[in-house]
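A.B. asks: Here is my input, please return the structure:
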Amino acid sequence: MIQRTRRRRRRRQALVTRLAGVTAGLFALVGVLGALVVVGVVNHYAGNLPSVDALRAGGLAQVTRIYDRNGVEIEPLYLQNRTVVPLARISPLLRKATIATEDRTFYEHQGVDYRRLLIALAFDLTHRQAAQGGSTITEQVIKNMVLDPVEAQEKTASRKLRELMLAEEMERRYNKDQILELYLNSILYGNGAFGAEAAAETYFGVHASELDLAQASFLAGLPQYPTGYDPFGGPTQQAAAKERWRDVLQGMVETRIITPAQMQAAMDTDAWSRMQAHHKATAGGRDPRTAHFVDWVRRYLLDRYGAKLVYQGGLQVVTTLDLATQVLADNKVKAAVQLYESRGVNTGALLALNPLDGEVLAMVGSAGYDNAEIRGQINLTGVDGLGLRGVGSSFKVYTYGAALEAGLATAATRVNDQEDMIGTPPHKFSDWDGKKEGWITLRRAIQESRNLPALWTYKLDGGVRVVNFARKLGIGTPFENPDALATTLGPNPMSLAEHLSAYAAFDNGGFLVSPHPVLRVSDSGGRVLEQLDTRPSSVRVISPQLAYLMTDLLHGPPSRALGMGRLPVAGKSGTVEAWTGSTWLGYTPEIAVAGYLAHIDSGPDCRSGYAYLATSFPASGWQCPMNVVWGEHVGLSLWKPFLEGYYANRPWPAAWTAPAGIVKRSVCKLDGNLATDRTPAGESYDEIFIKGVGEPVASCGSNPPPGATPYPSPSPSPGPSPSPRASPRPTPSN
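C.D. replies: Next up, the predicted model:
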């Protein structure tokens, strides 16, 4: 009996042991399966979590900032106004205020505050609405930076589970300061400001590192409801913003970050009034004075880097613009327009560049970027291929330059300002003043901007030669009919920017330059993507001798018309038919400048009051006559005042130095040939030439112009003096 009892006991014990083993096995299996499920869930939901570097560089859209050449910010480009800064550059007060307001247990939990989550869930269930927030700072980073924007707005258990899993996984991968840095750089603070740095600048005009207690506590309250707590909104929004501000400070008191006295002191500061004043001062949007230039820079960047990098990549763009020079240019354009307003002028433009490398120092595309009545957003400098206009007589320099280069003429050559029937078949032309001066020197023809000599020289050159000469200097805009003699009078629409750059080749000794807006582009990490080589251009297009000769010839117009003969300046006027546009282009050894005045209307009709002056073409809003505004008026009211302002605080440069190969010869007034000891007194003068290219070799009187009486040959000596004879009457001129 006893043995039977023992056997039963042993069987029961064995059974219990086996059952315990099975149970343990089952629990182990469940544990393993549970672990596998957890791993699977984590891998499913968190496996695509980006690296810290990826979140910092790729997950946050940053502002591209455009600066002038001296580091003064001109304008930002962005889809989201954000500048990413490290945590160390964010005020500790903002960090503490944010934690006290958004997630008081931030440094204690592992990504999810389950107690807070359960409280929020209970509130939502009892109130039957999702109103009580339970998300930690880590969860908000996941929602803002990792989840798809559409998914982030979903109110589903699946989305919330993914958020929780990712939050815990983020806490395993990143430390708390890294997470807080991501949060403070990603969150929206309202009024288009993303991140602490943009918020500090938007609301207070300071950096995030400079925020005081009042400012930091105010910003910390905004992310919960940016549109509802808008201090620049209506009375309801402003009242809510102030109440939210008080709540944040109270939270900082409750968490013992500040004392009640410090809270009251913060509320008593003038932070609110300073914020309102800053907003009022910066609420104007884009600066119209620099808007044309920024538009050009933006197109430049988009062509090279694409929209994503330009609008989200945080590029740092240092441009060629000098903001002080830009402001000067804008003021002078507006003053010139106002001066000639009674003559129908309503807009103008100015472009200034470095003639050595094409750096654009100032660009005013119109008299008012925001003025739709003058089509103000069209850039009249033509740097973007738009706003092309006729350039008038300023085109003549290419006609004369081509002739000088080919040896077809010299500065002393007599050119025809007498015959007005030119071409095949002959066409009657007239000059700007209706007069004829006979046969005059090429130098005088340029100085006085005579039409007939330019037309005869263009015929001598041939259109192909002149156009090719302009092309190699950088003129790329098309010419309707190069064979037409009137091409030399500048009726064809051209880019003022190309035109000025071509003039720069005369200024810099014969090298090709083109307008350029950017000195340096760096990425958000400071890596230089491109940098302008600011050494002078090395692409020679004309000889230094021709460049110097052209500059010497172009010194005449500003000397005669602008009273600047003692200064190192060169330039030329241009007036389009019926005064539909007038310009003055020129340069010093340091800067090349083009000025322009016109009347442009928004619609198809001309409203200047002078449409009747358009006798050979229909006037329109785009081609609208002014009342006798010559290129010289542009020189006097815009070009000269700009240069005087530019050199007000800097010395004028030394004049150009003649290169080797420029020779000076004494020539006779009759025909520009070499004067000899037989040339009558007072009938010779000194002129410069390119050695070996059109340099005169014949003596005076060898080829006098038609109608001119040659100097009488002197009698041989010794011998009796010839009997005096009556001098022929001079031919009257008109």
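
A.B. asks: alpha carbons only for contacts and neighbour counts from here, please
C.D. replies: OK.

A.B. asks: Now do stretch 374-384: everything it contacts.
C.D. replies: By C-alpha atoms under 8 Å, 6 or more residues apart in numbering, the surrounding residues in contact with stretch 374-384 are 292, 296, 346-351, 363-371, 386-389, 494-498, 515, 599-602.

A.B. asks: do stretch 293-313 as well
C.D. replies: So stretch 293-313 is contacted by 60-64, 66, 75, 77-80, 315, 363-364, 383-384, 517-518, 523-524 (C-alpha under 8 Å, 6+ apart).

A.B. asks: mind listing which of those are in strands?
C.D. replies: 64, 66, 75, 77, 363, 364, 518 (DSSP state E).

A.B. asks: Grab the two from the residues you listed that are most spread out in space.
C.D. replies: 64 and 364 (22.6 Å; C-alpha to C-alpha).

A.B. asks: Compare neighbour counts for those two and give me the winner.
C.D. replies: More crowded of residue 64 and residue 364, by other C-alpha atoms under 10 Å: residue 364, with 31 against 26.

A.B. asks: on that earlier part again, just the buried ones from the contacts of stretch 293-313, in ChimeraX syntax?
C.D. replies: Restricted to buried positions by 16 or more other C-alpha atoms under 10 Å, the ChimeraX selection for these reads:
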select :60,61,62,63,64,66,75,77,78,80,315,363,364,383,384,517,518,523,524
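
A.B. asks: hmm, which of the contacts of stretch 374-384 are the buried ones?
C.D. replies: With burial judged by 16+ other C-alpha under 10 Å, the buried subset of these is 292, 296, 346-351, 363-370, 387-389, 494-498, 515, 599-602.

A.B. asks: what secondary structure does residue 439 sit in?
C.D. replies: Per DSSP: H, G, I helix; E, B strand; the rest coil, the local secondary structure of residue 439 is strand.

A.B. asks: Quick one: residues contacting residue 514.
C.D. replies: Counted by C-alpha under 8 Å, 6+ apart, residue 514 has contacts 357, 358, 474, 498, 501.

A.B. asks: Most neighbours among these, which one?
C.D. replies: residue 501 leads the contacts of residue 514 on contacts (other C-alpha under 10 Å) with 29 neighbours.

A.B. asks: Give me the pLDDT value at that one.
C.D. replies: Here, the pLDDT recorded for residue 501 equals 98.

A.B. asks: what does residue 26 give?
C.D. replies: 50.

A.B. asks: same check, this time on the one 3 residues further on
C.D. replies: You'll see residue 29 listed with a pLDDT of 47.

A.B. asks: Next step: the contacts of residue 514 restricted to helices.
C.D. replies: Counting by DSSP state H, the part of those found in helices is 498, 501.

A.B. asks: What ranges in this structure fall below the confidence cut-off?
C.D. replies: For the chain, the stretches with pLDDT under 70 are 1-59, 116-117, 119-134, 148-155, 159, 712-734.

A.B. asks: Mind putting the contacts of residue 514 into TSV with distance to residue 176?
C.D. replies: Supplementary listing: these in TSV, determined by distance: C-alpha to C-alpha, whole Å:
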residue	distance to residue 176
357	51
358	50
474	58
498	56
501	56
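
A.B. asks: Take the helix or strand harbouring residue 239, keep the C-alpha atoms, and write them as PDB.
C.D. replies: In this assignment (DSSP states H and E), residue 239 forms part of helix 235-254. Extracted C-alpha coordinates of helix 235-254, given in PDB (Å, rounded to 0.1, in the frame of the first residue of the first chain):
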ATOM      1  CA  PRO A 235      -7.600  91.800 -31.400                       C
ATOM      2  CA  THR A 236      -8.700  88.200 -30.500                       C
ATOM      3  CA  GLN A 237      -5.400  86.700 -31.700                       C
ATOM      4  CA  GLN A 238      -3.400  89.400 -29.900                       C
ATOM      5  CA  ALA A 239      -5.300  88.800 -26.700                       C
ATOM      6  CA  ALA A 240      -4.800  85.000 -27.000                       C
ATOM      7  CA  ALA A 241      -1.100  85.500 -27.700                       C
ATOM      8  CA  LYS A 242      -0.700  87.600 -24.500                       C
ATOM      9  CA  GLU A 243      -2.600  85.100 -22.400                       C
ATOM     10  CA  ARG A 244      -0.500  82.200 -23.900                       C
ATOM     11  CA  TRP A 245       2.600  84.200 -23.000                       C
ATOM     12  CA  ARG A 246       1.500  84.500 -19.400                       C
ATOM     13  CA  ASP A 247       0.800  80.700 -19.300                       C
ATOM     14  CA  VAL A 248       4.300  79.900 -20.500                       C
ATOM     15  CA  LEU A 249       5.800  82.100 -17.800                       C
ATOM     16  CA  GLN A 250       3.600  80.500 -15.200                       C
ATOM     17  CA  GLY A 251       4.800  77.100 -16.300                       C
ATOM     18  CA  MET A 252       8.300  78.200 -15.900                       C
ATOM     19  CA  VAL A 253       7.500  79.300 -12.300                       C
ATOM     20  CA  GLU A 254       5.800  76.000 -11.600                       C
END
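
A.B. asks: Point out the other helices and strands that it packs with.
C.D. replies: Secondary-structure packing of helix 235-254 (3 or more C-alpha pairs under 8 Å, 6 or more residues apart in numbering; DSSP states H and E): helix 92-102, helix 213-220, helix 260-267.

A.B. asks: Compute the inter-axis angle for that helix and helix 92-102.
C.D. replies: 100 degrees (axes from the mean of the first three to the mean of the last three C-alpha atoms, to 10 degrees).

A.B. asks: how far out from the middle of the chain is helix 235-254?
C.D. replies: With C-alpha atoms, centre = their mean, to the nearest Å as the basis, helix 235-254 stands 42 Å off its chain's centre.

A.B. asks: cool, and stretch 86-106?
C.D. replies: With C-alpha atoms, centre = their mean, you get 38 Å for stretch 86-106.

A.B. asks: Span of it from start to end?
C.D. replies: Using C-alpha to C-alpha, to the nearest Å, one end of stretch 86-106 lies 19 Å from the other.

A.B. asks: Now do it: everything it contacts.
C.D. replies: 113, 136-137, 176-178, 180-181, 196-197, 208-213, 216-217, 219-221, 248-249, 251-252, 255, 257.

A.B. asks: ok, now stretch 533-540?
C.D. replies: Residues outside stretch 533-540 that contact it (C-alpha under 8 Å, 6+ apart) are 356, 357, 510, 511, 512, 513.
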